[in-house]
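J.: fold the following.
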Amino acid sequence: MTLTIFNDWYARDTSKKIRAVFKAKGQSGKPLSLPIYGYKASEENKHKWIINDEPAAVVRKIYKLCISGYGPTQIARKLTEEGIPNPTAYAISQGRNPANKNSRLDRWCTETVIDILEHPEYIGHTVNFRTRRKSYKNKRKIENPKEDWLIFENTHEPIVTQQEFDLVQEMRKNKRRNQKQETVNPFSGICYCADCGKKLYLCRSRSLSEDQEHLKCSTHSADKDSCSAHYIRTVVLKELVLNALNKLLDSVKDNEAEFVQTAMDNSASKHSSDVFKAKKALNQAEKRIAELDRLFARLYEDNISGKISDERFAVLSAGYEDEQKKLKAKASELTAFIETAEQKCADVNSFIKVVQKYEHITELTPEIMHELIEKIIVHAPDKSDGHRTQQIEILFRFDVAVATAIADSKEYGKKKKAA
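T.: Now for the predicted structure:
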């Protein structure tokens, strides 16, 4: 019995020491895991990840397919059909002994594709403390929440660009598509109702021709009394968006310098007031946080000296801590808002580089839509003149411009009728 207790104590003590070393290593920025698919350890420095060309090309292919509108299941199916070895099969072919070696080696699964699409490591970051073990007695790994991850930026060469990674995260966040439909909806996650602010969803079925496919408000779909349908056919919206995009391309080609200056002025004007208010609120929050630190220190001294009771100290300190916690969360949100707004002003040149990729756009793709357009706002139709008109607002990325278009039933006639 004594020996069992001693062994348990020894195992627990050893586990604590190992965890301490593990934690110190993770906090130093060294990767805690083996190189993920697409990378390998450098021969000169085992802690340094370098690009492994063959699997890295597959990773880039996965991101390109996603940006082109393919979902994870479709990507997995395509990779399987093309006979590309999955990560487990590739590891075995390189003489390694992967943990999930019993998985099917001849097929890609959706979860593997999702995992690759969500790893910040592919833009050059080291991510530590993704998982933890409950105790030294239980070897099963538990996923940590993202706020507990420790991320060190730009520690190794990226396989995909920051823009590609951000675009994929945005597209996946907004994705909603019937997997039975092979054609991709370029408006997925990008169209919003002008009245309730909710997304417009694509309505398509085998009984509808392509000319009859349409978008309508998700609120109306759930409760017809809460909002109107904001119905617009996709063929009409495509024509309006194509016209707006090509006008934008022409503006950049005709006078790039003037466009850049106007875009930067628009972006700065839009955000200057909001950023000023956010900075003021952030300054107030930071001052109050510092003041609470001083109050807590004084409170502690009063408790030690006997000026206030332990019970009173507990009540007051709990109140201060709760207020400070809320203020820190608010400060974090304000900081993120300010950084995003200021970054938008600085990213106009990035937008220009994207625009310069295209001479003239004849077909809308998810890649084009998400690279150039932030959102499309669809207004309710107006029939006051006896025929149907519908206003559309196209907000380009980085707040460089806003285009307004009108879908007019007279213009489209019976063949292209908007209603």
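J.: where does the stretch 101-250 of the chain have low pLDDT?
T.: Confidence mapping of the stretch 101-250 of the chain against pLDDT under 70 gives the ranges 101-103, 132-140, 174-183, 205-208.
J.: that one: helices as residue ranges?
T.: Taking DSSP state H, counting those that start in this stretch as the test, the helices found in the stretch 101-250 of the chain are 110-117, 162-174, 218-222, 234-254.
J.: try the stretch 251-400 of the chain
T.: 256-305, 310-346, 348-355, 366-372.
J.: now do the second one: which elements does it pack against?
T.: Spelled out, that is helix 310-346. Where contact means 3 or more C-beta pairs under 8 Å, 6 or more residues apart in numbering; DSSP states H and E, helix 310-346 is packed against helix 256-305. Every C-beta, even on glycine, is put in place using the N, C-alpha and C of the backbone.
J.: tell me which of the helices of the stretch 101-250 of the chain lies nearest to A405.
T.: Comparing these against A405 with C-beta to C-beta, the closest turns out to be helix 234-254 (4.2 Å).
J.: which other helices and strands contact that closest one?
T.: For helix 234-254, the helices and strands in contact under the criterion 3+ C-beta pairs under 8 Å, 6+ apart are strand 214-217, helix 348-355, helix 366-372, strand 373-378, strand 389-396, strand 402-408.
J.: try it again at 7 Å.
T.: When contacts are defined as 3 or more C-beta pairs under 7 Å, 6 or more residues apart in numbering; DSSP states H and E, helix 234-254 sits against strand 214-217, helix 348-355, strand 389-396, strand 402-408.
J.: give the buried residues for that helix.
T.: Taking 16 or more other C-beta atoms under 10 Å as the neighbour-count basis, helix 234-254 is seen to contain the buried residues 234-237, 239-242, 244-245, 248-249, 251-252.
J.: ok, stretch 83-99 next?
T.: The neighbour-count check on stretch 83-99 (16+ other C-beta under 10 Å) flags I84, P85, N86, P87, T88, A89, Y90, A91 as buried.
J.: how far away is the residue lying closest to K141 once chain neighbours are set aside from Q27?
T.: For K141, ignoring the flanking residues on the chain, the nearest one in space by C-beta to C-beta, 6 or more residues apart in numbering is T131 at 4.2 Å. Relative to Q27, T131 is positioned 16 Å away (C-beta to C-beta, to the nearest Å).
J.: kindly report the same for E43.
T.: Using C-beta to C-beta, E43 is found at 26 Å from Q27.
J.: looking at the two, which is more packed in?
T.: Using other C-beta atoms under 10 Å, the more surrounded residue of E43 and Q27 is Q27, with 12 against 8.
J.: excluding residues flanking it in the chain, which one is nearest the residue nearest in space to the middle of the chain?
T.: Most central in the chain under C-alpha atoms, centre = their mean is Q169, positioned 3.4 Å from the mean C-alpha point. On the basis of C-beta to C-beta, 6+ apart, the spatially nearest residue to Q169 that is not a chain neighbour turns out to be E118, at 7.6 Å.
J.: ok, now E143?
T.: Of all residues beyond its chain neighbours, the one nearest E143 is T131 (5.8 Å), with distances taken as C-beta to C-beta, 6+ apart.
J.: wait, that neighbour sits on I142?
T.: Yes: using C-beta atoms under 7 Å, T131 makes contact with I142 at a distance of 6.3 Å.
J.: between these two, which has more neighbouring residues?
T.: Higher neighbour count among T131 and I142: T131, with 12 against 9, using other C-beta under 10 Å.
J.: residues in contact with the more buried one?
T.: Contacts here follow C-beta atoms under 7 Å, 6 or more residues apart in numbering; on that basis T131 touches K141, I142, E143, N144.
J.: want to throw the buried residues of stretch 83-99 into JSON lines with distance to Y122?
T.: Written out in JSON lines, the entries for these read as follows (distance: C-beta to C-beta, whole Å):
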{"residue": "I84", "distance to Y122": "17"}
{"residue": "P85", "distance to Y122": "18"}
{"residue": "N86", "distance to Y122": "17"}
{"residue": "P87", "distance to Y122": "13"}
{"residue": "T88", "distance to Y122": "18"}
{"residue": "A89", "distance to Y122": "20"}
{"residue": "Y90", "distance to Y122": "16"}
{"residue": "A91", "distance to Y122": "17"}
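J.: need the max-distance pair from these.
T.: Using C-beta to C-beta, the buried residues of stretch 83-99 reach their maximum pairwise distance at I84 and A91, which is 13.9 Å.
J.: hang on, the earlier thing: redo the helices of the stretch 101-250 of the chain as TSV? Include distance to P31.
T.: Shown next, in TSV, are the helices of the stretch 101-250 of the chain (distance: least, C-beta to C-beta, whole Å):
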stretch	distance to P31
helix 110-117	16
helix 162-174	18
helix 218-222	42
helix 234-254	42
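J.: ok, which of the ones you listed comes nearest I338?
T.: Taking C-beta to C-beta as the criterion, I338 comes closest to helix 162-174 out of those, the separation being 18.3 Å.
J.: by how many degrees do that closest one and helix 110-117 diverge?
T.: Between the axes of helix 162-174 and helix 110-117, defined by axes from the mean of the first three to the mean of the last three C-alpha atoms, to 10 degrees, the angle is 140 degrees.
J.: what helices and strands are in contact with helix 162-174?
T.: With contacts defined as 3+ C-beta pairs under 7 Å, 6+ apart, the packing partners of helix 162-174 are helix 53-67, helix 366-372.
J.: deepest of those, which one?
T.: Among the helices and strands packed on helix 162-174, helix 366-372 has the highest mean neighbour count (mean count of other C-beta atoms under 10 Å), at a mean of 21.
J.: what's next to that helix, contact-wise?
T.: Taking contacts as C-beta under 7 Å, 6+ apart, the residues outside helix 366-372 that touch it are 67-69, 167, 170-171, 184, 186, 188, 190, 245, 354, 361, 396-397.
J.: is there a quick PyMOL command that grabs whichever of these are buried?
T.: With 16+ other C-beta under 10 Å as the burial test, the buried ones among the contacts of helix 366-372 are selected in PyMOL as follows:
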select buried, resi 67+69+167+171+184+186+188+190+245+361+396+397
